[in-house]
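# Sequence first, predicted model second:
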Amino acid sequence: MRSDSASYRYGEHRIYLSLAPGIGCTRRLMADAQLLAAQGYDVGIAFNASSDYLCDFARGLRPLPLIYERQNNQRIEALDLATILNDPPQIIVLGNLAHQHGLSNQPIEPLQLVEQLRMAGIAVWSTIYAYNLTTIAPIYTRLTNITPSPIIPESALEQASELVLIDPEPTDIIRQLDEGILLAPPDAEQARQTALRLDVLNQLRAATHALLEIRRPLSDSAERPRWLVGIGFNPSAMYLLQRAADLAYGMGALLIGVHIRPPGGGSSGYRLAAREHLDYAEELCHEVVIIEEKDVAAAMLQVAHEQHATGIFIGRPVRSRWDELRGGSLLTKLINSDRDLDIFVLADAPQ
């Protein structure tokens, strides 16, 4: 329980959130900490930063006492909490929240440690990788066959005083990885097979944006624009969902997924593909609407009316010119409708 005493100060918690390790999250955290240390703040660092990768960023920060032990042939470090609380810094650079689990004889949940420090009036700065979060971990496991551990509850994002999103474009991450900017060659090669694979980065990013839409505490859903995106069953559907989710996030809009099912439910192959794409849409969209209708354009316009939508994301037409002349594409029908809707045509997936 937080005290109501006027002399009591509850410490802040700033979280630096990135998709995965190796894209500059810890460096940004420590660079920001160095700026405050240079201004005279007492900033302590709660992990060993002696590696070439981080040692320059640790200059000016106060090394805090750590306790070490070996677990499964690895050296584990933990805060010497009792000693630190006798002479606490103003800010503790805690590092990766997933690594804060104490020692074997004194285990502690990461968020419990953060709470203890905040209750002592200490500001805590930590990093979280998105794949450690509750709803994103299964996505990462599905893509890489690697199960992240430990799992960080998403309540951490809501309880934080400030959230700093480290969010470079996945293509920029791959380019910097190829140029040797992000990681040393052995680490880079391993990362290319797992967390820093382009398809993994794209899906983690889309899921992270969708999660932040849900967990953003000050957003007012009633006042935010609502955009629709069709959920198809063709191979490009998942790419189009990712692009729509990224664009909606950038607009500050809610993304509504719409799947228009053919009467009778379609073939078994159709149902299998549609189910996979619907599962993915539920990870990215604020809401998913399923409607059974033969006329796709009429169904999409009906949902747009019911959802008070601002616009619709749509893929490029795949109909032939002859089909276009005979009946018109979905795009043509939407544009020619009398509804006041913006239509955003998404480019095809890069080959």
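That came through fine.
# switch to C-alpha atoms for all contacts and neighbour counts from now on
Fine.
# Sticking with Leu301, tell me its helix or strand.
helix 296-307 (DSSP states H and E).
# can you list the residues that contact that helix?
Arg226, Leu228, Val258, Ile260, Ile291, Glu293, Thr310, Gly311, Leu330, Lys333, Leu334, Arg339 (C-alpha atoms under 8 Å, 6 or more residues apart in numbering).
# What is the neighbour count of the residue lying closest to the fifth one once chain neighbours are set aside?
Among residues not flanking Ile291 along the chain, Ile260 sits closest, at 5.0 Å (C-alpha to C-alpha, 6 or more residues apart in numbering). Ile260 has 19 neighbouring residues, counting by other C-alpha atoms under 10 Å.
# Name the helix or strand for Ile260, please.
Assigned by DSSP H and E, Ile260 falls in strand 254-261.
# sorry, back to before: from the chain's centroid, how far away is the helix holding Leu301?
30 Å (C-alpha atoms, centre = their mean, to the nearest Å).
# Now do the helices in this structure.
25-38, 55-58, 81-86, 110-119, 137-144, 155-159, 170-178, 185-193, 198-215, 237-251, 268-284, 296-307, 321-327, 330-336 (DSSP state H).
# of those, which approaches Tyr10 most closely?
helix 110-119 (5.5 Å; C-alpha to C-alpha).
# Identify each buried residue in the closest one, please.
Pro110, Leu111, Leu113, Val114, Glu115, Leu117, Arg118, Met119 (16 or more other C-alpha atoms under 10 Å).
# what pLDDT does the fourth one get?
The one in question is Val114. pLDDT for Val114: 91.
# In this model Ser126 seems to touch it, though I could be wrong.
No. Between Val114 and Ser126 there is no contact under C-alpha atoms under 8 Å: 9.1 Å.
# between the two, what contacts are shared?
Joint contacts of Val114 and Ser126 (C-alpha under 8 Å, 6+ apart) are His13.
# And Val93, how far from Ile76?
To Ile76, Val93 is 17 Å away according to C-alpha to C-alpha, to the nearest Å.
# Of those two, which one has the most company?
Shown here are Val93 and Ile76; by other C-alpha under 10 Å, Val93 has more neighbours (26 against 18).
# What is the neighbour count of Leu64?
The burial count for Leu64: 21, using other C-alpha under 10 Å.
# can I assume it is in contact with Ile45?
Yes. Using C-alpha under 8 Å as the test, Leu64 is close enough to Ile45 to be in contact (5.8 Å).
# Contact partners for Glu293?
Counted by C-alpha under 8 Å, 6+ apart, Glu293 has contacts Ile260, Arg261, Pro262, Pro263, Ala299.
# How much space separates the residue nearest the centre of the chain from Pro89?
Closest to where the C-alpha atoms of the chain average out (C-alpha atoms, centre = their mean) is Thr208, at 2.1 Å. To Pro89, Thr208 is 32 Å away according to C-alpha to C-alpha.
# Next: Leu157.
Leu157 is 24 Å from Pro89, by C-alpha to C-alpha.
# Mark out where each domain of the chain begins and ends.
13-168, 221-346 (automatic domain parsing).
# Mind checking those for the one nearest to Leu201?
domain 13-168 (7.1 Å).
# end-to-end on the closest one?
End-to-end for domain 13-168, by C-alpha to C-alpha: 23 Å.
# what do you get for stretch 258-273?
First residue to last in stretch 258-273 (C-alpha to C-alpha) measures 15 Å.
# pLDDT on it, on average?
74.
# picking up where we left off before, who's more crowded, Leu157 and Pro89?
More neighbours surround Leu157 than the other of Leu157 and Pro89, with 22 against 19 (other C-alpha under 10 Å).
# quick one: that one and Leu165 touch, right?
No. Counting by C-alpha under 8 Å, Leu157 stays clear of Leu165, with 11.1 Å between them.
# Asp340 - how many residues pack around it?
11.
# So what pairs up with Val288 in the strands?
Gly257 (DSSP bridges).
# That one touches Glu282, doesn't it?
Yes. Applying C-alpha under 8 Å as the test, Val288 and Glu282 come out as touching, 6.4 Å apart.
# neighbour count winner among these two?
More neighbours surround Val288 than the other of Val288 and Glu282, with 20 against 16 (other C-alpha under 10 Å).
# What residues does His13 make contact with?
Val114, Arg118, Ala123, Val124, Trp125, Ser126, Ala160, Ser161, Glu162.
# If any of those are buried, give me the PyMOL selection for them.
Typed into PyMOL, the line below selects the buried ones among the contacts of His13, using 16+ other C-alpha under 10 Å:
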select buried, resi 114+118+123+124+125+126
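# Would you mind giving the contacts of His13 as CSV with distance to Ala20 added?
Shown next, in CSV, are the contacts of His13 (distance: C-alpha to C-alpha, whole Å):
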residue, distance to Ala20
Val114, 21
Arg118, 26
Ala123, 24
Val124, 20
Trp125, 17
Ser126, 14
Ala160, 19
Ser161, 22
Glu162, 19
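# Narrow the contacts of His13 to those in strands?
Ala123, Val124, Trp125, Ser126, Glu162 (DSSP state E).
# Please give me every residue in contact with the last one.
Shown here is Glu162, whose contacts under the criterion C-alpha under 8 Å, 6+ apart are Glu12, His13, Arg14, Ile15.
# Go again with 7 Å.
Glu162 is in contact with His13, Arg14, Ile15, counting by C-alpha atoms under 7 Å, 6 or more residues apart in numbering.
# follow-up on the earlier one: in the helix holding Leu301, what counts as buried?
Within helix 296-307, judged by 16+ other C-alpha under 10 Å, the buried ones are Val296, Ala297, Ala299, Met300, Leu301, Val303, Ala304.
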